[in-house]
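> With the input below, show me the fold.
(chains A, B and C)
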Amino acid sequence: MTKRYWLLKSEPTTFSFDDLKTSSGKKTSWDGIRNYQARNIMRDDMKIGDLGFFYHSSCPQPGVVGVVEVVSKPYPDHTAWDKKSNYYDPKASPENPRWVMVDVKWKEDFKNFVPLEIIKATAKLGKMKVVQKGMRLSIQPVTKDEFDVICKLGRQKK
DNA sequence: GCCAACGTTGGC
DNA sequence: GCCAACGTTGGC
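Model (predicted):
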């Protein structure tokens, strides 16, 4: 089974990379995904051991801050039937969960933040979904090549 | 705060 | 099954 690579968007005001690092066990459940494409990726394609970029979106400096690892299989997102949750979905229930999530764990801090600006300016990364106009998908596949290029940018000394 | 692009909903 | 209306995303 080949390892796959992903990009996970999060709004730092909601849940930042620092929040992940201060979570117990440095891990969190990736809840609140309410988009079928993103759900299907978690349900069908993500495997334990896959790596993902933690991407900050909707903020002054969008970009990749570090790397996380998928550490669970997909399981029902119980926030969907929690009326008090921001992610409440009246069509979901324990019998018919509708939404799933996985657990992800902190893996690596980048020495250098890799801003969207740089990703856009890097020819090899031009096909990434995150640089495409109107691309709103919050969980995106990343190729091994793209993963390696961004890791190199993130790890190099200033 | 703006607004373009996108996904979802619901009436027909 | 179409498609207009609406809500959301997310860079700027």
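> so who does A:Ile119 touch?
A:63-64, A:125, A:128, A:130-131, A:150 (CB atoms under 8 Å, 6 or more residues apart in numbering). (C-beta placed from N, C-alpha, C; glycine too.)
> Show the end-to-end separation of stretch A:95-102, please.
This stretch, stretch A:95-102, spans 19 Å end to end (CA to CA, to the nearest Å).
> Hmm, I typed the wrong one, I wanted stretch A:76-89.
This stretch, stretch A:76-89, spans 13 Å end to end (CA to CA).
> What is the neighbour count of the closest residue to A:Pro74 other than its chain neighbours?
Taking CB to CB, 6 or more residues apart in numbering, and ignoring the residues beside it in sequence, A:Pro74 has A:Val100 as its nearest neighbour in space, at 4.3 Å. When neighbours are defined as other CB atoms under 10 Å, A:Val100 has 20 of them.
> again with the one 5 residues further on
A:Lys105 is flanked by 15 other residues according to other CB under 10 Å.
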